[in-house]
Every structure is written in C-alpha cells, then in structure tokens.
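Enquirer: sequence isn't available, so here's the structure alone:
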C-alpha cells in the first residue's frame, strides 16, 4: 500500500518567501515573465531561467547546469535554507474563491510502478526522458505532484489540530493568495500520518503525470545510489478539496462541410437547440455548448446516441472525440493536430467566442467538467483520458518547499 516519507526540505527563508515563490513557468506570459526577471532578483524564476542573467537563450544540458548553479547561489546567499531533520509540511492556500490544505511529503516511485499511485493520463516518453535528465542534473524537484485520496476523518483532525498552532510561514502574494505552512517534525505525528496512508489502497495523480513518470525513470537509472531518488515530492490533498475545470475545444474549420451539413450530421447523436446570442454553459454531463457562426447552440446527447461500455465511454471529452471531432471534423491525434486548440474553463466561454469571432477558429465546444469519481473510475480501469480533459486546482507555487536529492 502507498508509503510516504518526511524529508529534509530546502525551503525559502520566511522573509524572502513572498518574493521567491513563483507559479509554473509556463503560466507566465512574456511581459509578466520579463517584469519578474528584471525587477525581482529573489524570484525562483531567476533559477529556472538562468540565461536571463547573460541576456542569452539557452537550452538542453547547458541550461540544466546553469539552473543547478543558480540554485546553489540562492542557497549560498541564504535565500534558501535546508532542514536539519526530516519533516512533513502542512500547506494551506487561500485565494479569493477557494481554500486548499494538504500535506507535502515524499511519495514512493515503487507505488507508481506497482499501480498504487494510479494515473489517468498518457505521457510522452521523450518528455519523461527530458525531465528525468533535468532532475538528475539540477538535483532537486521544486514542483510537487498533486496526489489525491479519499477524505479521511483522522487526517482531517490531525491537520486541523496542527493548524491551531503558529505557522512557520504566513504571507500574502500580489495575486491575493494567502499562504501558510506548518512544519511537522514530531515523530509521533509523522508515524501516525504514515500509518494512515499505508492503510489506503491507492492514491491518484490529479496533476503531474509527466513529473511522476520522470521521477520513476530517474529512480530506475540511479538504482541504489541514494534512497532519496526513490521518492518524489508530492502534495497530498483530499478529494473534496480538488476543483476540476473543463477544457473547451476550438477547431479551425468544418472539414469541408457546410454549416447546414455539419448541423445535420450532429443531429444523429444530439438534440440541438439554437440559443442565438445567449451564452449557454452546460450544467451536467453529456450536455455540450457549441459556438458556430455567431450563435450558441446546446447539444444534448440522445439517449441512444452513444453506447457506454467502459468508464471512458462515459467521459464527455471522449464522447465528443468519438462522435464529433474524429468522424465529422477529421481531428486525428488530439496532441499533435494543428487544427484543434484548447482553453480551460476558468477562462469561460467568452474567450472561446472571441477567438472564433476574430476568425482564428470556426467552431468551439464547451464541456461540463469531469468529476473526481470519473477520474478515479478511469484510472481504476487502467484507462486514460484524452489530452486536456481536466484542468485541476490547486496549482502549487514553486520554490517554497523543495525536494533535494542526496548523494551521500
């Protein structure tokens, strides 16, 4: 059954933490990234983009080695400090709409190999190898994998009790997020938490499939060099605290069909209603929104419109692919086809409408978000969702708590 461990974290000093932590690198647009690199010398982005210091774009092993150098500089300058003892960390993030609390710990790569850490997405081998090589060179993991578990009253009570004490970190960031961290060093509490997780049958990857697969590759490559390579940093959070948003689909053309031909073919599987300028957002699964030629449509799956044999067949992103994207619009590989793009649901349908109105796409589809139960059912059946089926929050900051590999 799943095993988790405390670890000797490298972490931001409390005074520097509000300035040091960053979002995922890909989450920044070019202007925001430039501003952070230019005006914030403490940002973790300075480590992730070491070429900025030299006004030079670098990649591959050269970049990996410079990331390592910049990381060591941050440690030497005491922007980052390393624990003397192994700990768990309770992390809470409160934004204007939600509150998330979970446990930062090391998760076992063997549990991933033995399918006790279950996946619901496919990974690309070249990306696994690339990030494995990155981890091996830089020697640390700064972005935890998001793992979820069935809500547990015993864990909730432990976490609630810890949160009554003074946090080790308590600060606000400019995006109006409040961050709090409690270090858990008490051996009895650590043993209790480990025992609770050891009795669970499975954990589920909510976000971070490539990071998990890469950590597993690294563990295999390093063998018995040091036990720290057999674990990867994770943020363990109860299912009830996950927020899952949908990814909308946008397609550049109707694959040679006229609007009328396309609607007639859709009618074989869906009840279609023209909503005009009314922005229609699906309110339950198997209902879809469509924006075409300046108008919104609701598409309701007909009762005999699709045979459901597996948990994957019941997933709206798979259903849309099987009934519309592939047979009608000629979309083959959802990862590589240049005719399709995605926008996650937090951006809402207005963004989809705007991109179509500006002529960048011909048609767009809005979906109802998948549920945790659907995600787990698909993982339990050893199936995988289509790409861009879920956008899951929370997204943890990089640089606050770091898992560093040991070599001695």
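Expert: Here it is on my side, so go on. Source: prediction; values computed, not measured.

Enquirer: got phi/psi on residue 156?
Expert: phi -60, psi -40 (degrees, to the nearest 10).

Enquirer: gap between the two ends of stretch 108-117?
Expert: 9 Å (C-alpha to C-alpha, to the nearest Å).

Enquirer: again, but for stretch 284-300
Expert: 10 Å.

Enquirer: going along the chain, name the helices of this structure.
Expert: In the chain, the helices defined using DSSP state H lie at 17-20, 30-39, 45-48, 60-76, 109-113, 125-138, 153-162, 187-198, 209-222, 259-266, 316-320, 348-357, 372-380.

Enquirer: okay, buried residues for the fourth one please.
Expert: Going by neighbour count (16 or more other C-beta atoms under 10 Å), the buried part of helix 60-76 is 63, 64, 66, 67, 68, 70, 71, 74. Heads up, the C-betas are built off the backbone N, CA and C, glycines and all.

Enquirer: and the chain, split by domain according to the record?
Expert: When the chain is parsed with automatic domain parsing, its domains come out as 4-244+393-404, 247-389.

Enquirer: tabulate the ones you listed (CSV), appending mean pLDDT.
Expert: CSV is the format used below for these (pLDDT from 0 to 100):
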stretch, mean pLDDT
domain 4-244+393-404, 94
domain 247-389, 94
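
Enquirer: excluding sequence neighbours, find me the nearest residue to residue 209.
Expert: residue 121 (4.5 Å; C-beta to C-beta, 6 or more residues apart in numbering).

Enquirer: isn't that neighbour up against residue 379?
Expert: No: applying C-beta atoms under 8 Å, one finds residue 121 not in contact with residue 379, separated by 9.2 Å.

Enquirer: so what sits against both of the two?
Expert: Here residue 121 and residue 379 have residue 205 as joint contacts, going by C-beta atoms under 8 Å, 6 or more residues apart in numbering.

Enquirer: in CSV, list the buried residues of helix 60-76 along with distance to residue 42.
Expert: Conversion of the buried residues of helix 60-76 to CSV gives the following (distance: C-beta to C-beta, whole Å):
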residue, distance to residue 42
63, 20
64, 22
66, 18
67, 16
68, 18
70, 12
71, 13
74, 8
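
Enquirer: and of these, the nearest to residue 260?
Expert: residue 63 (51.9 Å; C-beta to C-beta).

Enquirer: next, count neighbours for the closest residue to residue 69 other than its chain neighbours.
Expert: If the residues on either side of it in the chain are set aside, residue 69 comes closest to residue 50, at 6.9 Å by C-beta to C-beta, 6+ apart. Neighbour count of residue 50, defined by other C-beta atoms under 10 Å: 21.

Enquirer: now do residue 201
Expert: Counted with other C-beta under 10 Å, residue 201 comes out at 11.

Enquirer: how about residue 178?
Expert: Count around residue 178 with other C-beta under 10 Å applied: 14.

Enquirer: for the residue nearest to residue 69, give me its contacts.
Expert: Here residue 50 is in contact with 58, 63, 66, 67, 69, 70 (criterion: C-beta under 8 Å, 6+ apart).

Enquirer: and the closest residue to residue 380 other than its chain neighbours, how far from residue 3?
Expert: Distances taken as C-beta to C-beta, 6+ apart place residue 118 nearest to residue 380, at 6.8 Å, with adjacent residues excluded. Look at residue 118 and residue 3: by C-beta to C-beta, to the nearest Å, they are 15 Å apart.

Enquirer: tell me which of the two has more neighbours.
Expert: residue 118 (20 against 15).

Enquirer: what's the burial count for the nearest residue to residue 344 once chain neighbours are set aside?
Expert: Closest residue to residue 344 apart from its sequence neighbours, by C-beta to C-beta, 6+ apart: residue 391 at 3.8 Å. Per other C-beta under 10 Å, the neighbour tally for residue 391 reads 20.
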